[in-house]
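Engineer: Got a predicted structure here, sequence first:
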Amino acid sequence: MAFLKSRFSKALLGAALAAALLSPMAAQARTEGDDCTPGPGDRPETGLNGSIPLSARQGPKGFQGFWCGVRKVGQHALYNRGSYGDLQIIIDDRGSCAYASMRDPSTLTLPTTGTVVLDVSVPSHPKDIKVLRTPAFLRAYSGFEMPVDAVTRRPGNIMIAGFKDFGPNNTNPIDIYDVSGPDCLNPQLLSSTDLGPGRGHHDGWVSADAKTWYGIPFGGPDIRVDPTRVDIHITDISDPRNPKLMMDWNRLQLPPDIYAATNATRNFHDVTSNAKGDRIYMALYGAGSCANGLLIMDSSEIANRVPNAKLKYVRWLSWCEQQIDPDFGDGSSASTHATEYMVHENGREYVMTTDEGSALGGAACPSQVTFSRMIDISDERNPVVVATMKPDASKGSNCEANTAAGAVNGMLHYLNFDDRFNARLAVVASSNQGIRVYDLRDPYEPKQVAYYHKEDHIAADQPPANLYPNYQNGSPECEGAGSRCDTVFPGATDFTRPDPRLDKENCFWYTGWNQGGLVILELTNPEYNACMRRAIRGQGRFMDPGKGKKSVTFTLNGRRGNKGRGGLEGSAQVIDNANNVIIQVNSLTMLGGVRDACGPVTGRASAVQLEGDGTFNGRAASFRICAQESSAEGFRGHAERFALSCTAGCAYETGGDLISGNISVTQRD
């Protein structure tokens, strides 16, 4: 147990302000370490948790990557353009789509600048389809959002972005696209609206009901010099074809004592809202002072469209106010970066934050300490920091050892949850520390359970699309390591840019790096991957369109023991009498979401991919099997489907829609 501390009583703010801001509450602290147990195929960190030593970055192909509890499913280089912005995905009856934006530095006239639309129906091989180059989508950073319904958890029918920071000639457009369907690969532009000077978008947020847009500029005038500075601007997008600016807001509208506590820094950095949209949570970016922390504002008048609506002050929580962890010092070291609202699976509301500071540039010791906080806001006027998350490499006490190893200090940077409205996992995209996965089930003691540092090298079967746009597996020019398609992105110390996004149909996490582009990952522990806990059974006949009018029969069962958390169990049989083929799969080696090309089976609608070993007409062989139920919500009307292909020991594939029998997929929790 550690007591909360404050430095407001010192000269900065004075005793009266300290009394207004202090909280008498205390909370438990936890020292975070590496809680991931390496499994088969993992390549664990060789230095401090969260560190990439110089020794690991040396070699002809650069850094080869570290990972534990995670494996890469697919990757797309995004034209080697770097400067990743943000990411959104749709995986449902509208298709399988990802949208990857680009921030500065970027050359606006290049045809590859903009937001790339990708077909991710085969996650192991994403395909770029087009680049959206409307004014705001040319350079969209964190101000790139898609509403998510708090009840259905389904992505909404619009996609919106604001031009990062201040646009050309200080124009600041927002663009809104219709992604309601039927094909998410072809979003339709609804509007492009210039919000005018001072209303840039370093960050932005769309309310869950898709009616309100919040934009956060970064840079611009100091509030103490220019009282017209815009800290946040708010736009009514309830008619997405005709957005209307509702209001500008800055700190001068706060109570005088709170304004005095926050005016020492220039920028806010991040904003999110709760499910009802009647509260917003803003990060004040104030390294070097106590004007650094979380601001909670009442936005109910905005949500309810009250005439002459105003934001109302609820609470300002300075990082100097609550120090449950001695590694944070006084809390003023690094700037508040992300503030992400969520409802924990225990039903309580929290905001999870990250910091940003000179650690991203590898400052000399003592470096800034840049960690993450879990803040209980269930009593919003008395928010409580209940836990911190920090890779060992970020601790000030380890700075000298980390520097001696030639490692660049990193930081937890952007984040997201497996379910914002029923959160169990947080996945953090770090600077120079890769993807870090935290189990939040005990919010007082979050555990790091997995991580993934991307490698410098993209293998020959995943070439940069701009160099080889017509590439297909097996192209002679792309055969083997060292081929023309082999690519090395030098320098493992790289930003993981976008908020990670979860494809719940297949349990894949979408994220990306400045160098290396879009990356699709899978957690390998079934405790944290619901798709690995699925059980599948099926039997029947299907008509393979490539095999004439003869049908193929199959039986299939697969699952993990111990309620989905144990070893693999199952078997399969395929009989193709027309081609004299009998296949028997006796042991399974993989069960999870659909990642590879599997005939008619898509990575949606309660589908499962299995791999296993057995025999092809009595000879040893290995196989990939995909099967799909038709009853999943949002996919009703699709036929049940089965597909099998030989991956070793034979050359055979088959698949089709069932003409009799059934397939049943059960989620085991």
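Structural biologist: All right, it came through fine.
Engineer: ok, the nearest residue to residue 178 once chain neighbours are set aside - how many residues close by?
Structural biologist: Spatial nearest neighbour of residue 178, excluding adjacent residues (Cβ to Cβ, 6 or more residues apart in numbering): residue 188 at 4.4 Å. In short, each C-beta sits where N, CA and C put it, glycine included. For residue 188, the neighbour count with other Cβ atoms under 10 Å is 10.
Engineer: and the gap between residue 188 and residue 89?
Structural biologist: Going from residue 188 to residue 89 by Cβ to Cβ, to the nearest Å gives 18 Å.
Engineer: doesn't residue 399 fall inside a strand?
Structural biologist: No - Residue 399: not assigned to a strand; according to DSSP: H, G, I helix; E, B strand; the rest coil it is helix.
Engineer: quick one: contacts for residue 530?
Structural biologist: 507, 667, 669 (Cβ atoms under 8 Å, 6 or more residues apart in numbering).
Engineer: where exactly do the strands run in the stretch 251-400 of the chain?
Structural biologist: 267-273, 279-285, 293-298, 312-318, 335-343, 349-356, 372-376, 384-389 (DSSP state E, counting those that start in this stretch).
Engineer: Just the mean pLDDT for the fourth one, thanks.
Structural biologist: Think strand 312-318. Average pLDDT, strand 312-318: 97.
Engineer: And for the longest one?
Structural biologist: Computed over strand 335-343, the mean pLDDT rounds to 94.
Engineer: strand partners of it, parallel vs antiparallel please.
Structural biologist: strand 349-356 (antiparallel) (DSSP bridges).
Engineer: Tell me what angle the partner strand forms with strand 293-298.
Structural biologist: For strand 349-356 against strand 293-298, the angle between stretch directions is 140 degrees (axes from the mean of the first three to the mean of the last three Cα atoms, to 10 degrees).
Engineer: roughly how far out does strand 349-356 sit from the chain middle?
Structural biologist: Between the centre of strand 349-356 and the centre of its chain there are 15 Å (Cα atoms, centre = their mean, to the nearest Å).
Engineer: Quick one: work out the angle between it and strand 279-285.
Structural biologist: Going by the same axes, to 10 degrees, strand 349-356 is angled at 20 degrees with respect to strand 279-285.
Engineer: circling back: between the strands of the stretch 251-400 of the chain, which one is nearest to residue 571?
Structural biologist: Closest to residue 571 of the strands of the stretch 251-400 of the chain is strand 335-343 (Cβ to Cβ; 41.1 Å).
Engineer: Just the C-alphas of the closest one, formatted as CSV.
Structural biologist: Taking Å, rounded to 0.1, in the frame of the first residue of the first chain, the C-alpha atoms of strand 335-343 are listed here in CSV:
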residue,chain,number,x,y,z
SER,A,335,3.6,14.6,-20.9
THR,A,336,0.2,12.9,-20.7
HIS,A,337,-0.4,11.3,-24.1
ALA,A,338,-3.4,9.0,-24.4
THR,A,339,-6.6,9.0,-22.3
GLU,A,340,-8.8,6.0,-23.2
TYR,A,341,-12.2,5.5,-21.6
MET,A,342,-13.4,2.0,-20.9
VAL,A,343,-15.8,-0.1,-18.8
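Engineer: what is the orientation angle of it with strand 312-318?
Structural biologist: 120 degrees.
Engineer: got the angle between strand 335-343 and strand 267-273?
Structural biologist: Going by the same axes, to 10 degrees, strand 335-343 makes 0 degrees with strand 267-273.
Engineer: Looking at the strands of the stretch 251-400 of the chain, spot the one closest to residue 563.
Structural biologist: strand 335-343 (25.6 Å).
Engineer: contacts for that closest one?
Structural biologist: 265, 269-275, 279, 281-287, 292-294, 319, 349-357, 413-417, 420-423.
Engineer: quick one: residue 509 from residue 429, how far?
Structural biologist: Taking Cβ to Cβ as the measure, residue 509 falls 10 Å from residue 429.
Engineer: go on, residue 505?
Structural biologist: In terms of Cβ to Cβ, residue 505 sits 21 Å off from residue 429.
Engineer: neighbour-wise, which of these two wins?
Structural biologist: residue 429 (27 against 21).
Engineer: Can you spell out which residues form a bridge with that one?
Structural biologist: residue 414, residue 435.
Engineer: you'd agree residue 322 is up against residue 386?
Structural biologist: No - taking contacts as Cβ atoms under 8 Å, residue 322 lies outside contact range of residue 386: 9.7 Å.
Engineer: between the two, which one's more packed in?
Structural biologist: residue 322 (28 against 23).
Engineer: all helices for the stretch 151-300 of the chain, in order.
Structural biologist: All helices of the stretch 151-300 of the chain, identified by DSSP state H, counting those that start in this stretch, fall at 256-262, 300-303.
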